[in-house]
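**Student:** below is the structure, and that's it, no one-letter string:
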């Protein structure tokens, strides 16, 4: 586990059942934004990843407030990234005894919040 730096709070979601490629579209919208603005953006983004990232952002805000005694009004999204997790492999039967592989992709999403000086 990484050592937490004094002026940052982080939240991580591992094995989210959504492709990291789909998540990256959403997280690019909130990078370097204030947390209030980021929550508003996520609330009205019609993507499957938006509610997942929103819940993770709320968790990061709670971590900042509870564990690090940070001021919520000064927080902004310093870092946010989504890495590829393990792929669940499934089989789809096809015609003439063939089988196609279905890849159910997962991702690891991390949000780091810092206080603006």
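**Tutor:** In hand now; what should we look at? All of these numbers come straight from a predicted model, not from anything done at the bench.
**Student:** name the residues of the longest helix seen in the chain that are buried.
**Tutor:** Across the chain, the helix with the greatest residue count (assigned by DSSP state H) is helix 49-68. Residues of helix 49-68 classed as buried: 49-50, 52-54, 56-57, 59-61, 63-64, 68 (neighbour count, 16 or more other CB atoms under 10 Å). Backbone N, C-alpha and C define where each C-beta goes, glycine included.
**Student:** which helices and strands sit right next to the helix or strand just after that helix?
**Tutor:** Moving toward the C-terminus from helix 49-68, the next helix or strand (DSSP states H and E) is strand 75-84. Contacts defined by 3 or more CB pairs under 8 Å, 6 or more residues apart in numbering; DSSP states H and E place strand 75-84 against helix 20-30, helix 35-43, helix 49-68, strand 107-115.
**Student:** tell me the buried residues in the first one?
**Tutor:** For helix 20-30, burial by neighbour count (16+ other CB under 10 Å) applies to 20, 23, 24, 26, 27, 29, 30.
**Student:** export those to JSON lines and tack on distance to residue 10 and pLDDT?
**Tutor:** Shown next, in JSON lines, are those (distance: CB to CB, whole Å; pLDDT from 0 to 100):
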{"residue": "20", "distance to residue 10": "18", "pLDDT": "94"}
{"residue": "23", "distance to residue 10": "16", "pLDDT": "95"}
{"residue": "24", "distance to residue 10": "18", "pLDDT": "95"}
{"residue": "26", "distance to residue 10": "18", "pLDDT": "94"}
{"residue": "27", "distance to residue 10": "14", "pLDDT": "94"}
{"residue": "29", "distance to residue 10": "19", "pLDDT": "93"}
{"residue": "30", "distance to residue 10": "15", "pLDDT": "93"}
